[in-house]
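Q: Just need the structure, nothing else, for what follows:
(one chain, ligands or ions: 1)
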Amino acid sequence: MKPADTKIAFVGLGLMGVPMAKNLLKAGYALAGFDLNKDVAAKFADDKRFQFVSSPEQAIQDADITILMLPDSTIIDSLLWGSAGQSGIAEKLPKNSYLIDMSSSSPTSSKENNKKLAQLGVKFVDAPVSGGVKKAIDGSLSIIVGGQKTHFEELSPLLGCMGKSIVQVGDAGAAHAVKALNNYVSAAGLIAVSEALNAAAEFGLDTHVVNTVFNASTGRNNTTENKVENFMLNDAFNSGFSLTLMSKDVQIALKFIQDMNCYADLAQQCVATAKEADQKLGKGADHTAMYDYVRSQKR
Ligand code: NAD
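A: Coordinates of the predicted model:
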């Protein structure tokens, strides 16, 4: 699949979708993009190989590959299969084309979508990403892939334009399971660090020094290394990953763990904390504002 001969439809041009689409353009692919927010078109004004279209149907016309980078599975399932009397795009996807769901979706929905799309002659791959906006911009995301090996091999060069580590973990849906579990582990770390730093501050300690100790000790994690100084202790809370999306991810992980009939006590508490913080902080809050939420809670 040479970039010059491959037409891509890109649906979902938000904080992650825009930089990912830009990296595909940089690699020479032509893109038809669609998002409910028409303002994003201006972000591609300089690129002649990008066309912002007015419907998902228009984006997928003649597409060899359709990429979804949307918030969640409810939105994806409505887009594919329709809702509220509106028909979906699944039946209009070109035969033998690929549909790559790069969103952090539910593994159960993805398994189902894979089955239904195969009946329509469309090849489904789940390829969620990890690394956030910074790595989406510099094209160094970690991309987790689920689907057939031949599909993984054919798509690897394209995924390599957006990511550095590209690992196939299993069949369709497997990558969405691994992504949700990863984000649960990450969210648990964020909540633990928020609670620990808040208590340290109450004790009169310098939280910068405490985090330096964490980073030199066994409490070190992605939050202590990358979030505490950049987004939390400075009250910036602007990492580019919303609390609503984090809450959605831990809910997917909890359901997955429960579906496996496995112990899930901490996951249950993470879901409760994430939901409550999301509700209290309101729409648009960044996930790093978990620290702000924890500070505001008094026992
Ligand atoms: P975002 O909210 O910034 O972007 C989502 C975009 O989808 C928005 O521009 C919105 O207008 C658009 N949209 C919603 N419904 C639509 C529809 N029906 N048709 C067309 N467009 C629609 O979210 P994001 O941060 O870019 O995240 C996208 C996905 O990637 C999510 O599943 C998220 O969990 C995952 N993710 C995000 C990050 C991050 O750091 N932000 C990191 C890894 C994975």
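Q: give me every residue that touches the residue of the chain found nearest the ligand.
A: The nearest approach of the chain to the ligand comes at Gly14, 1.8 Å away (C-beta to the nearest ligand atom). C-beta: built from backbone N, CA, C; applies to glycine. Each residue near Gly14 by C-beta atoms under 8 Å, 6 or more residues apart in numbering is listed here: Asp35, Asn37, Val40, Met69, Pro71.
Q: Could you rerun that using 7 Å?
A: Listed by C-beta atoms under 7 Å, 6 or more residues apart in numbering, the contact partners of Gly14 are Met69.
Q: Can you verify it is assigned to a strand?
A: No. Assigned with DSSP: H, G, I helix; E, B strand; the rest coil, Gly14 falls outside any strand and is coil.
Q: Just the local confidence number for it, please.
A: Note on Gly14: pLDDT of 98.
Q: Just to be sure, Lys22 is in a strand?
A: No. Counting by three-state DSSP, Lys22 is not found in a strand; it is helix.
Q: just to confirm, which helix or strand has Ile8 in it?
A: strand 7-11 (DSSP states H and E).
Q: got a list of contacts for that strand?
A: Defining contact as C-beta under 7 Å, 6+ apart, one finds that strand 7-11 is touched by 17, 21, 24, 29-34, 56, 59-60, 62-68, 70.
Q: so what strands line up beside that strand?
A: strand 30-34 (parallel), strand 65-68 (parallel) (DSSP bridges).
Q: Tell me how many other residues surround the residue nearest to Gly160 when sequence neighbours are not counted.
A: The shortest distance from Gly160 to any non-neighbouring residue, by C-beta to C-beta, 6 or more residues apart in numbering, is to Ile166 (6.3 Å). Neighbourhood size, Ile166 [other C-beta atoms under 10 Å]: 20.
Q: quick one: pLDDT of Ile166?
A: 98.
Q: and it, that one's in a strand?
A: Yes. Under three-state DSSP, Ile166 falls within a strand.
Q: moving C-terminal of the lengthiest helix in the chain, what's the next helix or strand?
A: If you go by DSSP state H, the chain has its longest helix at helix 174-202. Using DSSP H and E, the next helix or strand after helix 174-202 towards the C-terminus is helix 207-215.
Q: Going by neighbour count, list what's buried in stretch 170-181.
A: Judged by neighbour count (16 or more other C-beta atoms under 10 Å), stretch 170-181 contains these buried residues: Ala172, Gly173, Ala174, Ala175, His176, Ala177, Val178, Lys179, Ala180, Leu181.
Q: What are the contacting residues of that stretch?
A: 104-107, 110-111, 114, 124, 126-128, 130, 144-147, 169, 249, 252-253, 256.
Q: hang on, Ile143 is in a helix, isn't it?
A: No. Ile143 is assigned strand when assessed by three-state DSSP, not a helix.
Q: Can you tell me, leaving aside adjacent residues, what's nearest to it?
A: Closest residue to Ile143 apart from its sequence neighbours, by C-beta to C-beta, 6+ apart: Gly163 at 3.8 Å.
Q: Now Phe124, what are its backbone angles?
A: phi -100, psi 140 (degrees, to the nearest 10).
Q: what number of residues lie near it?
A: Phe124, neighbours per other C-beta under 10 Å, totals 25.
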